[in-house]
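> Can you look at this prediction? I've put the sequence above it.
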Amino acid sequence: RFDFVNWTGAANVKADYLPRTSATVDKVKPLVPTGTSLAYDSSYRANFSWAANKEMDLAGYRVYRRLQGTSYGTKPLATTTSTSYTDTTLPKNGAVYHYEVRAYDKAGNESAGTADKSVTIVDKSAPAAPKGVEDAWKPDFSEKVSLSWYGNTEADLAGYNVYRSTTTGGPVALTSANRLNGDKPLSNSWYEQPLPQTGDTYYYVVTAVDTHGNESAASGAAAFYTRDKTGPVNTAYNAKAVEDERGVTLTWDKSEATSEDFAGYTVLRYNKPRTESGRTVVVVAKGIQGTSFTDAAPPPGATYYYLVVAADGAGNWGTPSVEMPVAVAGNSTPPPPVTGMTATARENGVSLSWDASDEPGLDHYRIMRGTLADGEWVYKPLIDSWTLRPQEFTETHLLDRTVADGEQVRYSVVAVDQYGNQLTPETGAPVQDVTELDLRPDADAGPAVGDNPLGHLSGDVCGSVRWWLGSDTGANGSKVTGFAVYRWNRTTHVFDKVDVQTRGDITGWSYVDTTMPKGTTTYYRVTATLADGTETAARETAI
């Protein structure tokens, strides 16, 4: 306080004030800050602010934070001279946190705290991944899956999700399509269900979910192996069966759904309807990828019941089609005569060709070769050398490899339907005469067969000539010691010697002519050489 009286003059007074900030002197706490405000933003930050205190010795402010249910600690969260503070260290765990601010002066005196300001944190913290799931793995085939795991301990745990996939080489995708428990988490820490028996390996993982929808990473995977006992989803819809000249033709619509292991449709033919017991079945087709099939030759004179069913690679069947009864009348009429047949003599046989038949029931062609015997044509089918049955041809040309020896022959090509009906040269099948080229040697073949110790001589189209002995000696009694092989030379009109062999200890001999002319008929002769230095007469064969 300054008192000054001067009745006649002017007073000039100047004063300075400096607070005493020593802790031994200043024992007065600052006022509690006012005007607090707290906001939580989209970046998960708490923005705390307050009004400025007016103490002249104010040093700053201390911000305190506590988790709901606990007390403020002695150490402040932050110290500042500003009137605001942004907390960027909040965990994203859904908890409630309280804030207060206290003013402190230069003497170290601290005010009381402001009233709590609270914020509820957004929960972005997922639970820990469950442990122990991978221990359920089994090395053998399983009919069902049984999982268990250690329970999570998070306070806000809502439950567990179970996922399954057949994907290998990576983690199971945590998608709604792979989730087995729907939208509601499991409350227990175990899971059981039957395993689809599809032949796949199924991988299972478990995740933990909290009450805020946060989901953990996947647990370790448990693998289960299955046998394929599940048929494909493919189905032959709108199936129909009709008999025509081709046989019984079945058609159906393409299946909209398909399985990855679909192997094709199987066609079944039953002798009785499914309502009757004791019926037998014939599998008439497998692996059909299209939507039609013709049962070419069901035995006629009976009613059959057809089904079309999809099959997978493991042989499982899907849902069969409707049952289709067909009264099969069969066919006894042979296909019409083959047209456009030609027969041309070649050096290595007879070249045949003919027009393709458009007969719906055509199964194959058969070629008949006729030779004259006592003035009559005798026909025999060309024979398959493996099955020793008549050959069946599906193309419209053939080279009949025969020896070019000038023989007059007659060919007939006949069409054969699925029931074996066919014409013959005697019943209207066309014939074609041809005289084979004559490439026979014009040199004498030697003495009669009986004068040659070779018991057999033959050849094939690969140029292999084979023989064996019928006698150990020649006609003069001299022992056979070796052999000579000759090949006819059409240019010089002589047989050229192409090989010499010793007899040895074997019982059969052969010679392979690697330089044999191609596309023609080649004649060979083989003689036996004797111990007395002579050579027997020859046996002859043609290739």
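Received the coordinates, thanks.
> how about the helices in the protein?
In the chain, no helices are defined using DSSP state H.
> hey, which helix or strand in it has the poorest pLDDT?
Every helix and strand of the chain was ranked by mean pLDDT, DSSP states H and E. The lowest is strand 454-459, at a mean of 90.
> what does that strand contact?
The contact list for strand 454-459, computed with C-beta atoms under 8 Å, 6 or more residues apart in numbering, reads 465-471, 524, 526, 528, 536, 539-543. Every residue, glycine included, has its C-beta placed from N, CA and C.
> ok, how many other residues are close to Gly330?
Look at Gly330: counted by other C-beta atoms under 10 Å, it has 15 neighbours.
> residues in contact with it?
Contact partners of Gly330, counting by C-beta under 8 Å, 6+ apart, are 298-301, 419.
> which among these gets closest to Asn12?
Comparing those against Asn12 with C-beta to C-beta places Pro298 closest, at 137.5 Å.
> Identify the residues contacting the spatially closest residue to that closest one that is not a sequence neighbour.
Nearest non-adjacent residue to Pro298, counting by C-beta to C-beta, 6 or more residues apart in numbering: Val328, 5.0 Å away. Val328 makes contact with 243, 248, 298-304, according to C-beta under 8 Å, 6+ apart.
> The residues you listed, buried ones only, as a PyMOL selection?
Only the buried members of those enter the following PyMOL selection, criterion being 16 or more other C-beta atoms under 10 Å:
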select buried, resi 243+248+298+304
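> of all the contacts of Val328, which two lie farthest apart?
The widest separation within the contacts of Val328 (C-beta to C-beta) is 13.4 Å, between Val248 and Gly301.
> Pull the number of nearby residues for Arg539.
For Arg539, using other C-beta under 10 Å, the count is 22.
> So it is in contact with Asn452, correct?
Yes. Here Arg539 reaches Asn452: they are 5.4 Å apart, a contact under C-beta atoms under 8 Å.
> any common contacting residues for the two?
Thr527.
> give the contact list for Asn12.
Going by C-beta under 8 Å, 6+ apart, the list of residues near Asn12 is empty.
> so what's the residue nearest to Pro298 bridging to?
Beta-bridge pairing for Val328 (DSSP bridges): Ala302.
> So for it, what's the pLDDT?
Val328 is assigned 96 on the pLDDT scale.
> Also Gly446?
Per the predicted model, pLDDT is 62 at Gly446.
> before we move on, what about Val205?
At Val205, the predicted lDDT confidence score is 95.
> Kindly report the same for Asn452.
Here, the pLDDT recorded for Asn452 equals 82.
> quick one: Phe4 from Lys14, how far?
Phe4 is 12 Å from Lys14, where distance means C-beta to C-beta, to the nearest Å.
> ok, the two, which is more surrounded?
More neighbours surround Phe4 than the other of Phe4 and Lys14, with 7 against 4 (other C-beta under 10 Å).
> who are the neighbours in contact with that one?
By C-beta under 8 Å, 6+ apart, the contact list for Phe4 reads 11, 13.
> how about the contacts of Gly330, which pair is most distant?
Greatest spacing in the contacts of Gly330, by C-beta to C-beta: Gly301 and Tyr419 (11.6 Å).
> Find the residue closest to Ala112 in space, skipping its chain neighbours.
Per C-beta to C-beta, 6+ apart, closest to Ala112 is Val32, 5.1 Å.
> oh sorry, the question was meant for His212
Asp123 (3.7 Å).
> Next, the contact list for that neighbour, please.
Contacts of Asp123 (C-beta under 8 Å, 6+ apart): 92-94, 156, 210-212, 214.
> Show me those that map onto strands.
Those of the contacts of Asp123 mapping onto strands are Asp210, per DSSP state E.
> about what we covered before: list the beta-bridge partners for the residue nearest to His212.
Under the criterion used (DSSP bridges), Asp123 bridges to Asn93.
> Can you show me the strands along the stretch 1-150 of the chain?
37-40, 46-49, 58-67, 78-80, 84-87, 96-105, 117-120, 144-148 (DSSP state E, counting those that start in this stretch).
> what's the most buried one of these?
strand 96-105 (a mean of 21; mean count of other C-beta atoms under 10 Å).
> and that strand, what does it pack onto?
Under the contact criterion of 3 or more C-beta pairs under 8 Å, 6 or more residues apart in numbering; DSSP states H and E, strand 96-105 touches strand 46-49, strand 58-67, strand 117-120.
> Now do the second one: everything it contacts.
Strand 58-67 is touched from outside by 30, 33, 48, 50, 53, 72-73, 76-83, 85, 87, 95-106, 110, 113, with contacts defined as C-beta under 8 Å, 6+ apart.
> of the helices and strands packed on strand 96-105, which approaches Thr8 most closely?
Comparing the helices and strands packed on strand 96-105 against Thr8 with C-beta to C-beta, the closest turns out to be strand 58-67 (44.3 Å).
> what's the angle from that closest one to strand 96-105?
On the basis of axes from the mean of the first three to the mean of the last three C-alpha atoms, to 10 degrees, strand 58-67 is oriented at 160 degrees to strand 96-105.
> coming back round to it: most neighbours of all the contacts of Asp123, which one?
Asp210 (22 neighbours).
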